[in-house]
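A.B. asks: Predicted model and sequence follow; I will ask about them next.
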Amino acid sequence: MMSQIKRLAGTSAGAITATFLALGYELHEVQMLFQLNMKDLLFDNSWGYLSLIPNLIRSFGWNPGTVIYQWFGDKIKTKSADRNPDMTFKDLYKERGIELCIVVTNVNRRREEYCHVKTTPDMPIRKALRMTIGIPGLFSAIFHGDHGQMDTYVDGGVLCNYPIHAFDGWYLSMSPEDAFLKQITSLDNIADIMLKRFDKVNDKSLGFILYSDDEEELLRDCLEERLGPPSSPSEPSPPTKLLRERRQKMKIVPKIKTEYERIVQVGHKFMNMLKKYNLLDKEIISKTELARVLQDKDVFPEEDFVLLFGTGADVEKVFSVLDQDGNGMVSSLELRQFVETIGIRIQTLHERYKRLEVNSLLQFSSTLLNTILVNSTSIFVKQSDASRTVGINTGYIDTLDFVLEKADVEFVIQRGYEATKSFLKYYVTQKKADKRLNSQVPRTESSNTEESYKYSNTSDVHLAEISTDL
């Protein structure tokens, strides 16, 4: 299978995987590489927090990234024909016939860029790798000059965390008819041409996207519909250190859920009471009318009153809260505004399920990056991309969990295996359905030939590897 894959793309950690596969590392070798303590490779600041401010001022990031850059060079050198740690995209293409694409973010130009044999033939691969893992603030930015200008580069996931589109359209195509000079025929409409450079979907692209239990993902619901009951344990046994930490954090969830369900019920009760006494449609409500509602213990018992208005609250205090302008009456607008605050409170409780702790620079960087990833996915990813995407739920393992035990790695690999197996079952089922549908439609000989070629020529399979989760 891997011998048939000729084009690979990736962002951030996904770019590392794509690069190792492009270099010819076997799958078990890639697995061994990711069992290393990545924290030792990534966090190479000299003086801990004492170096934070100076490094941020000097190079816009805490960790220089020199150690991981050297590590990239060592791994590239091992597979390079001439033992060159600075192998370029062009060198790789000449040696192995592989097109590698690494997505980075150009801060100066405020756009994502695609490092590839067509766009950056002479750039060392390890430099692009160092760019794409450069989480802003956590790692120093990379400065790269082109045409006399020096630009600043950071993590590709800032703008494009899932490059499933990388091999769509003409932009990264090596076909002579897709050369830049043939596609960009006039500078007058270059903006429109570049906007549509990925328009034609390549049905040979296959993507892998990772997300944890805590992370949102645009395609998540659609992708997880394919998964049946897991054939392996849902968690490592015995539990790893990371799993134990996650379990401790999750202990609060049942309490939050109970509180959430209770406030929803009480909110509905309060609304029903207002309807019962015809107060929702009144323009002005007196204190006496409101007291009659709040003191109806048959409908609104004391514990509900306390939950909604707080301990120690009485009719006087509630009325003063509702009477915002202090005129001694409650208007319909003031009452509706209070009802809206109940809805906001319910929403806040619901969102506590997904709340992430931010108590350190690492947690801040992780949460900020996750926020960026969730919202940037919609720029390039469409719901239709689910049909060419393998979604891998990494469970308790999050984006910046760099220290993983062997059992953690094996857990993620098993999750990936199950997700891939589910995708293949889905893919075969879909193709059979398409074949049955197409067999009912009269077709010309030429269209049959074209369709046969589309599915039989597997020497040009593309992998759009993914972003930042592992």
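C.D. replies: Nice, I can see it. As the structure is a computational prediction, the values presented were derived from the model and not from experiment.
A.B. asks: got the residue ranges for the strands in the stretch 51-200 of the chain?
C.D. replies: 61-63, 99-106, 111-115, 137-139, 142-146, 149-154 (DSSP state E, counting those that start in this stretch).
A.B. asks: just these: most buried one?
C.D. replies: strand 99-106 (a mean of 27; mean count of other CB atoms under 10 Å). Placement of C-beta: from N, CA and C, glycine included.
A.B. asks: In terms of secondary structure, what does that strand contact?
C.D. replies: Using 3 or more CB pairs under 8 Å, 6 or more residues apart in numbering; DSSP states H and E, the elements in contact with strand 99-106 are strand 5-11, helix 13-23, helix 89-96, strand 111-115, helix 125-132, strand 149-154.
A.B. asks: Looking at the ones you listed, which is nearest to residue 222?
C.D. replies: Set against residue 222 and scored by CB to CB, the helices and strands packed on strand 99-106 come closest in helix 13-23, at 19.8 Å.
A.B. asks: any chance of the strands of the stretch 51-200 of the chain in CSV, plus distance to residue 432?
C.D. replies: As requested, the strands of the stretch 51-200 of the chain are exported to CSV (distance: least, CB to CB, whole Å):
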stretch, distance to residue 432
strand 61-63, 50
strand 99-106, 31
strand 111-115, 35
strand 137-139, 47
strand 142-146, 47
strand 149-154, 44
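A.B. asks: how about a markdown table for those, with mean pLDDT added?
C.D. replies: What follows is the strands of the stretch 51-200 of the chain, written out as a markdown table (pLDDT from 0 to 100):
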| stretch | mean pLDDT |
| --- | --- |
| strand 61-63 | 91 |
| strand 99-106 | 97 |
| strand 111-115 | 95 |
| strand 137-139 | 89 |
| strand 142-146 | 88 |
| strand 149-154 | 91 |
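A.B. asks: residue boundaries of the strands in the stretch 351-470 of the chain?
C.D. replies: 389-393, 461-464.
A.B. asks: Any chance you could list what contacts the first one?
C.D. replies: Taking contacts as CB atoms under 8 Å, 6 or more residues apart in numbering, the residues outside strand 389-393 that touch it are 164, 206-213, 217, 219-220, 223-224, 226-227, 412, 415-416, 419-420, 423.
A.B. asks: Would you check how far apart the closest residue to residue 29 other than its chain neighbours and residue 75 are?
C.D. replies: Excluding the flanking residues, the one nearest residue 29 by CB to CB, 6 or more residues apart in numbering is residue 20, at 7.5 Å. Separation of residue 20 from residue 75 (CB to CB, to the nearest Å) stands at 7 Å.
A.B. asks: likewise residue 423?
C.D. replies: 28 Å.
A.B. asks: Residue 413 too?
C.D. replies: Distance from residue 413 to residue 75, by CB to CB: 20 Å.
A.B. asks: between these two, which one's more packed in?
C.D. replies: residue 75 (20 against 15; other CB atoms under 10 Å).
A.B. asks: Surely the more buried one is in contact with residue 23?
C.D. replies: Yes - Residue 75 is within contact range of residue 23, at 7.4 Å (criterion: CB atoms under 8 Å).
A.B. asks: In this structure residue 286 contacts residue 327, no?
C.D. replies: No - Residue 286 is beyond contact range of residue 327, at 11.3 Å (criterion: CB under 8 Å).
A.B. asks: of these two, who's got more company?
C.D. replies: residue 286 (13 against 10).
A.B. asks: From residue 220, how far off is the nearest residue to that one once chain neighbours are set aside?
C.D. replies: In space, and not counting its chain neighbours, residue 286 is closest to residue 329: 6.2 Å by CB to CB, 6+ apart. Using CB to CB, residue 329 is found at 49 Å from residue 220.
A.B. asks: one step back: looking at the helices and strands packed on strand 99-106, spot the one closest to residue 397.
C.D. replies: Nearest to residue 397, of the helices and strands packed on strand 99-106 and by CB to CB, is helix 13-23 at 11.9 Å.
A.B. asks: Tell me where the stretch 101-250 of the chain is predicted with low confidence.
C.D. replies: The stretch 101-250 of the chain contains residues with pLDDT under 70 at 228-233.
A.B. asks: now do the same end-to-end measure for stretch 35-45.
C.D. replies: 22 Å (CA to CA, to the nearest Å).
A.B. asks: Which stretches in the stretch 101-250 of the chain count as helices?
C.D. replies: Assignment of helices within the stretch 101-250 of the chain using DSSP state H, counting those that start in this stretch yields the ranges 125-132, 180-183, 190-195, 220-224, 241-250.
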